[in-house]
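Asks: what follows is a predicted protein model with its sequence.
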Amino acid sequence: MNSYVPILVLGALSLGFAVVSIGAGALTGPKRYNRAKLDAYECGIEPTPQPVGGGRFPVKYYLTAMLFIIFDIEIVFLYPWAVHFDALGIFGLVEMVLFIVTLLAAYAYVWRRGGLEWD
Amino acid sequence: MSLVQSIDYLAITPALVVAVVGIAVLVLDAFVTDRRRQLTGWISAVGLVVAAVTLLPLTDHPRGTFCVPGGGRGGLDLSSCSYVVDNLTLAFQVLVLVGALVVVLLSLDTVRDSHLPAGEYYFLLMMSVAGAVTMAASRDVITLVIALEVVSLPAFALVALPRYDGRASEAALKLFLVSVVSTAVMLFGLSLVYGVTGAVHLDRIATALSDPGARNAALVLGVALSIAGFAFKVAAVPFHFWAPDTYVGAPVPVAAYLSVVSKAAGFVGLALLVTQGFAPYADVWAPVVAVLAALTMTVGNLVALRQRHAVRLLAWSSIAQSGYILVPLGAAGKGDIDRVLPATVAYVLAYAVMNLGAFAVVTLVGRHRRANRLEDYRGLGRTEPLTAFALAFALACLAGLPPGLLGLFAKVVVFQAPVEQGTGWLAVVMAINVVIGLYYYLAWAATLYVSPGRDMAAQQARPPSYRISWSDGVAIGITLGAALWLSVVPRMVLEALG
């Protein structure tokens, strides 16, 4: 049983931390509410008004964000490769081409499925 | 020093073939007309067969690639390679590829009839299979975690593909949340292990852990948390609650995939991690796994007793079967780890064959009876004798009762482990559970052969003569054939592991 002491200690610590931090806030914190405090927290700026029911925004933004990630990740890998191009040689070039071709497959899919058309 | 490492391309061909075919399917799907989309299923099936054929040249001797120069501290030939193909790897890769082939065959009609997007479906499936193939060959924790994620991530989308079915979205969300939490827990555990040992390769971790002076609290925590992460993946109690809802909400072939291929990948990862990486800490993890095993089979079997829905019953039954699979690992604490690993592997292989067999018939019946209740199987033995026999045989195997010798054999192998290693209580719990399991498996099998009732409701519930498409027929044939064959020569499973 002795070897499980650390696991029990971790469990007790995490439970204790949760109880203490929530409890301490509820018990000791001053409760002087005003309008600004009850608003949603948006990093200190005035919250953007939302339409009734939470509002909707076009799903197109989601596609744009996904496309951004495709190219973002590409750059993350391209940059170190470019810096070490000499050391990596032909092997690195082939690897990079394979990587970009794989990404292009995703890009071609998005293009054919109309992901690039805004309307 | 060259930054370029030499790669044994032959060793990684199976995983490459699956991945390339998957990407090809996605691109092809984007460029063909709607009518041709179903072709992607056939291409995936061919790709899986080709990948299975590329396993053949690998059988002569163990191979390792992506190795770290300098070798491990053990000084073995294959030490400190990230990707190793040995008998264990090959056994699981065959399981994964053949299992995936059966799933693809079952999917052909499902995808067409329920208007699922074909290209996306097979692309996601193939990507997940590529992860499962890699999983069996991974010998360092980073590759293990990446492979596990490659198995899981496409699975969320696969479950959610019936987009206008609320149950599918619920199922996908449950699977997603549980999987993400379990990965986080596992990564925390593995990072503790890495922090203390400074190694990611399983053999190096084992070497570092075997120093008795270095034993400390952080390592014990790391080992325990890593196991908790894998326990989620294999749906071990108390981390099992996602399984029944996810199986019911997903398309039935996807449920079959989750309960067989994806679960086998989880088990191979767990087995590799604990028996190779954490071997010196067996006295820490084995009792944990033993308790998990006992809880898993007991809860799984007791809840399965009350199920009236075929897929839900199979979900709880596969939770119970996970418990049996964990038994040998749980018995490893006092004894010889190398002897318990083959028992676990043998049971996973047998489980895959019999569970896929059951799912194949359930998929077929589900096409005609959406509700897929157990009453829908009443009298199936009269109208569809061969299909009913396939299901009855799979159920007999799962129960471990003759003529299902495959299941009986697998259970005996698993049962031996706790008896030999002196963990008697686990053997007793397992024996009781096998008896509980007999009831619901046999009750279902008996339903197939009772005559439909006389009253109106029962007459309407009479199973129609199904028109069995040949893809379904081949899928049922493969699983029934494998189950029959392995029942006749069960030693095949163990000998394959050498």
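Replies: Received the coordinates, thanks.
Asks: all contacts plus neighbour counts: C-alpha atoms, from now on.
Replies: Fine.
Asks: any idea how far apart the tips of stretch B:241-257 sit?
Replies: Distance between the two ends of stretch B:241-257: 18 Å, counting by Cα to Cα, to the nearest Å.
Asks: check stretch B:129-145 too.
Replies: By Cα to Cα, the extent of stretch B:129-145 from end to end equals 15 Å.
Asks: could you do stretch B:372-384 as well?
Replies: Per Cα to Cα, stretch B:372-384 runs 16 Å from first to last residue.
Asks: next SSE after the helix or strand of chain A with the lowest mean pLDDT?
Replies: Every helix and strand of chain A was ranked by mean pLDDT, DSSP states H and E. The lowest is helix A:35-38, at a mean of 78. Note on helix A:35-38: by DSSP states H and E, the next helix or strand toward the C-terminus is helix A:60-83.
Asks: list the buried residues in that next one.
Replies: For helix A:60-83, a neighbour-count test (16 or more other Cα atoms under 10 Å in any protein chain shown) marks A:Leu67, A:Trp81 as buried.
Asks: returning to what we had before: buried residues in the least confident helix or strand of chain A?
Replies: Under the neighbour-count criterion of 16+ other Cα under 10 Å, helix A:35-38 has nothing buried.
Asks: and that helix, how far out from the chain's middle?
Replies: Put simply, helix A:35-38 sits 28 Å off its chain's centre (Cα atoms, centre = their mean, to the nearest Å).
Asks: please tell me how far B:Phe393 sits from B:Tyr439.
Replies: Distance from B:Phe393 to B:Tyr439, counting by Cα to Cα: 15 Å.
Asks: let me fix that: B:Cys81
Replies: Counting by Cα to Cα, the gap from B:Cys81 to B:Tyr439 is 47 Å.
Asks: these two: which is more packed in?
Replies: Neighbours of B:Cys81 and B:Tyr439, each counted by other Cα atoms under 10 Å in any protein chain shown, are more numerous for B:Cys81; the result is 23 against 15.
Asks: ok, that one - contacts?
Replies: By Cα atoms under 8 Å, 6 or more residues apart in numbering or on different chains, B:Cys81 lies in contact with B:Gly64, B:Thr65, B:Phe66, B:Cys67, B:Val68, B:Arg139, B:Asp140, B:His201.
Asks: which non-adjacent residue is nearest the fourth one?
Replies: Translated: B:Cys67. B:Cys81 (3.9 Å; Cα to Cα, 6 or more residues apart in numbering or on different chains).
Asks: swap in the first one?
Replies: Counting by Cα to Cα, 6+ apart, B:Gly64 lies nearest to B:Val84, which is 4.2 Å off, once chain neighbours are set aside.
Asks: over to that neighbour. Which of the three states is it?
Replies: With DSSP: H, G, I helix; E, B strand; the rest coil as the basis, B:Val84 sits in strand.
Asks: tally of neighbours for it?
Replies: Number of residues near B:Val84 (other Cα under 10 Å) recorded here: 26.
Asks: could you list the low-pLDDT ranges of chain A?
Replies: The model of chain A has pLDDT under 70 over residues A:1, A:49-50, A:53-55.
Asks: any idea which helix is longest in it?
Replies: For chain A, the longest helix by residue count, based on DSSP state H, is helix A:85-112.
Asks: from the contact counts, what lies against that helix?
Replies: With contacts taken as 3 or more Cα pairs under 8 Å, 6 or more residues apart in numbering or on different chains; DSSP states H and E, helix A:85-112 sits against helix A:60-83, helix B:9-31.
Asks: let's go with 7 Å and repeat that
Replies: For helix A:85-112, the packing partners by 3 or more Cα pairs under 7 Å, 6 or more residues apart in numbering or on different chains; DSSP states H and E come out as helix B:9-31.
Asks: what's in contact with the following helix or strand past the helix it packs on?
Replies: The helix or strand immediately downstream of helix B:9-31 is helix B:39-53, counting by DSSP H and E. Applying Cα atoms under 7 Å, 6 or more residues apart in numbering or on different chains, the contact partners of helix B:39-53 are B:14, B:17-18, B:21, B:25, B:29, B:94, B:97, B:101, B:104, B:108, B:118-119, B:122.
Asks: just the buried members of those residues?
Replies: Among the contacts of helix B:39-53, the ones that count as buried by 16+ other Cα under 10 Å are B:14, B:17-18, B:21, B:25, B:29, B:94, B:97, B:101, B:104, B:108, B:118-119, B:122.
Asks: which of these lies closest to B:Thr197?
Replies: The shortest gap between B:Thr197 and any of these belongs to B:Pro14, at 32.2 Å (Cα to Cα).
Asks: do I have it right that the closest one meets B:Thr54?
Replies: Yes - using Cα atoms under 7 Å, B:Pro14 is in contact with B:Thr54, at 5.9 Å.
Asks: which bits of chain A sit near chain B?
Replies: Within chain A, the residues that sit near chain B (Cα under 7 Å from any Cα of the partner chain) are A:Ser3, A:Pro6, A:Ile7, A:Ala87, A:Leu88, A:Ala105, A:Ala108, A:Tyr109, A:Arg112, A:Arg113.
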